[in-house]
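Asks: Structure for this input, please:
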Amino acid sequence: MTENPITGPAPLTGVKVVDLSKILAGPYATMSFADLGAEVTKVEHPEGGDPTRMWGPPFVGDDATYYLAVNRGKKSVTLDLKSEEGQRIVHRMLEDADVVVENFKPGSGLQRIFDYRALSERHPHLVVLHISAFGDEGPLSDQPGYDMVAQAAGGLMSLTGEPGGAPMKSGYAMGDLGAALFGVIGVLAALVERGRTGRGQYVTTSLFECQLAMHVNWATNYFATKKRPHALGSAHPNLAPYQAYPASDGYFVVAVGNDSLWDDLCKAMGRAELATDPRFLRNRDRIEHRDDLEQVLTEVFAANTVEYWCRVLEEHAVPVSPIRHLDEIYDDPHTAAIGMIGTVDHASGPLEQIAFPVNFGGVRPRLRSAPPAHGEHTDDVLEKYRAVSV
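Replies: The predicted structure is shown next:
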């Protein structure tokens, strides 16, 4: 795996971001801004800094890989935000900044100190992104939260896992990452609006809100039927067959998105008669007879290997894939061809990173710098701010 050699222009060049957030949602959002070319300054407490620096093992150098995953491209400065000097310096930084990102605990001293109304009055050009667990209004607004809490409270854990099994969280931190990505969208929209009006904006999102936004068809299914949905394993609530099946030596997935693909699958399996079986004729029929369909397909697929079924189904243009592990994905020629893994120069040596997943004119934003050491850039960045009084 090698670094993506493309070093094309970055769309957010010239945009300055002050990152007052920690853990995952805020730092992932600000790393996205950095990947897009923004100048991001991460402000950390002098004692310990971002807690994820210690969320290990594994560690690379002094920092946990969790921290290293979401903080590249930034500069790190240390300030005590509860001190008068720290607040004075931050406000000087905000005079120069376009965006500030924070996820202060609801009702905390820091949230009161950096209240968005005061920030907006003092810095009317500023786009303020506030990420919380449950939003600014409602009975849960004062509750703190972590990703798993959001997955539980927002319904994801009720839809993940095997039917009748224990609730399960998703493998990814979908509460935090969903809030990060919607937060990025909100900030970019606010910057476009500021280009028209000259004024900044208070942008808020929460882990809970974003969980609901990602319900998509689960929500509309419920609104139409008022029936409580439950976990379906790998199956899809609106399509069949669209799930994982066991072959003789492991699992693979089949994704039949229309009736034409169902016909193709039946031919590929050598069971053309299933295409005209009244139980399976249309997608709505296959959903109604989901248990019968799963029993039939499980028996067919158990007769051969994952490699065999993936090859045969690909020959018939049926969407299919083995269920791959991360080491297999990172070593895959396709991953290399699209340049999704690069390296940054870290104090401990070359550090592999997953790249930004959007290209601009065929150019992927380059990985610009390693995640910073705690307070690595304090003196360089704050020199001009410390010398000026407000």
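Asks: who's in contact with the closest residue to Ala64 other than its chain neighbours?
Replies: Of all residues beyond its chain neighbours, the one nearest Ala64 is Gly56 (3.3 Å), with distances taken as Cβ to Cβ, 6 or more residues apart in numbering. From N, CA and C alone the C-beta is placed, and that goes for glycine too. By Cβ atoms under 8 Å, 6 or more residues apart in numbering, the contact set of Gly56 is 63-66.
Asks: Top of the residues you listed by number of neighbours, please.
Replies: With neighbours taken as other Cβ atoms under 10 Å, the top of the contacts of Gly56 is Asp63, carrying 25 neighbours.
Asks: Next up, phi/psi of that residue, please.
Replies: Note on Asp63: its backbone torsions stand at phi -110, psi 150 [degrees, to the nearest 10].
Asks: Kindly report the same for Val43.
Replies: Per-residue torsions, Val43: phi -100, psi 120 (degrees, to the nearest 10).
Asks: and the contacts of Gly56 as a markdown table, adding secondary structure, distance to Gln111 and pLDDT?
Replies: A markdown table is the format used below for the contacts of Gly56 (DSSP: H, G, I helix; E, B strand; the rest coil; distance: Cβ to Cβ, whole Å; pLDDT from 0 to 100):
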| residue | secondary structure | distance to Gln111 | pLDDT |
| --- | --- | --- | --- |
| Asp63 | strand | 27 | 98 |
| Ala64 | strand | 26 | 98 |
| Thr65 | helix | 30 | 98 |
| Tyr66 | helix | 24 | 98 |
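Asks: Kindly tell me how buried Pro237 is, as a neighbour count.
Replies: For Pro237, the neighbour count with other Cβ under 10 Å is 16.
Asks: what secondary structure does it sit in?
Replies: Secondary structure assignment for Pro237 (DSSP: H, G, I helix; E, B strand; the rest coil): coil.
Asks: Run through the residues that contact it.
Replies: By Cβ under 8 Å, 6+ apart, the residues touching Pro237 are 217-218, 221, 229.
Asks: Give me the neighbour count for Ala97.
Replies: Neighbours of Ala97 under the rule other Cβ under 10 Å: 23.
Asks: where's it relative to Pro333, distance?
Replies: According to Cβ to Cβ, to the nearest Å, Ala97 stands 42 Å off from Pro333.
Asks: And for Ile341?
Replies: Between Ile341 and Pro333 the distance is 12 Å, computed by Cβ to Cβ.
Asks: Please identify which of these two sits among more neighbours.
Replies: Using other Cβ under 10 Å as the criterion, Ile341 and Pro333 rank with Ile341 on top: 19 against 7.
Asks: Thought Pro350 was touching the more buried one, still the case?
Replies: No: assessed by Cβ atoms under 8 Å, Ile341 is found out of contact with Pro350, at 11.5 Å.
Asks: Low-confidence stretches in the stretch 1-150 of the chain?
Replies: Within the stretch 1-150 of the chain, the segments meeting pLDDT under 70 span 1-9.
Asks: Could I get the full set of helices for it?
Replies: 25-35, 65-69, 84-96, 109-113, 116-122, 147-153 (DSSP state H, counting those that start in this stretch).
Asks: Which other helices and strands does the third one contact?
Replies: Yep, that's helix 84-96 we're talking about. The helices and strands touching helix 84-96, judged by 3 or more Cβ pairs under 8 Å, 6 or more residues apart in numbering; DSSP states H and E, are strand 16-19, strand 39-44, helix 116-122, helix 378-386.
Asks: and the ones you listed, which is most packed in?
Replies: Across the helices and strands packed on helix 84-96, averaging neighbours per residue (mean count of other Cβ atoms under 10 Å) puts strand 39-44 on top, at a mean of 26.
Asks: Extract the CA atoms of that strand and return them as PDB.
Replies: Written as PDB, here are the backbone C-alpha positions of strand 39-44 (Å, rounded to 0.1, in the frame of the first residue of the first chain):
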ATOM      1  CA  GLU A  39      -6.500  25.200   8.100                       C
ATOM      2  CA  VAL A  40      -7.600  23.500  11.300                       C
ATOM      3  CA  THR A  41      -6.300  24.300  14.700                       C
ATOM      4  CA  LYS A  42      -7.200  21.800  17.400                       C
ATOM      5  CA  VAL A  43      -7.400  23.300  20.900                       C
ATOM      6  CA  GLU A  44      -6.700  20.800  23.700                       C
END
